[in-house]
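S.K.: Give me coordinates for this.
(one chain, ligands or ions: 1)
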Amino acid sequence: MERVIAIDPSGCGCTECMVGEYVPLDQATAEQVVDMLAGSVRNNTCRDLRVSLVYTLGNGLDMSQAVLVEVQLAEGEDGSPLVWTVPQEAARALTW
Ligand SMILES: [Zn+2]
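M.R.: Okay, here's the model as predicted:
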């Protein structure tokens with residue numbers, strides 16, 4: 001998969017999104033979204049995002065061992081959330 005350097009707003013059709021340097025938020029993969037939250041992909045989404053992260057926590061463990069399984073991002077206060085299921089290898093960047 002080609003590595004993008006930034007995530008743009010949903011529906012963006014700029015030149016960088018056309019050539020694959022950037023990706024619109026609504027077309028981003030879970031890996032790209034996790035990289036954006038971790039800071040290695042630039043956040044160009046232009047609006048405040050409402051971020052919800054879902055972890056699973058095994059019996060007897062604390063949050064340092066929790067596994068990120070889902071990311072929900074909504075653009076703006078009233079936007080409906082986009083949801084990504086996070087593959088385990090992509091979740092490591094956001095562990096506590
Ligand atoms: Zn764009």
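
S.K.: Going by C-alpha atoms from here, please, whenever you check contacts or count neighbours.
M.R.: Will do.

S.K.: where does this protein dip in pLDDT?
M.R.: Along the chain, the model assigns pLDDT under 70 to residues 1-2, 96.

S.K.: Please go through it and pick out the longest helix.
M.R.: helix 30-38 (DSSP state H).

S.K.: Tell me the buried residues in that helix?
M.R.: Residues 30, 31, 32, 33, 34, 35, 36, 37 are the ones in helix 30-38 that count as buried (16 or more other C-alpha atoms under 10 Å).

S.K.: now swap in stretch 84-96 and tell me
M.R.: Neighbour-count burial for stretch 84-96 [16+ other C-alpha under 10 Å]: 84, 86, 90, 91.

S.K.: cool, stretch 22-31 as well?
M.R.: 22, 23, 24, 25, 27, 28, 30, 31.

S.K.: just checking, what packs against the helix or strand containing the second one?
M.R.: Applying DSSP states H and E as the criterion places residue 23 in strand 22-24. Judged by 3 or more C-alpha pairs under 8 Å, 6 or more residues apart in numbering; DSSP states H and E, strand 22-24 is in contact with strand 6-8, helix 15-19.
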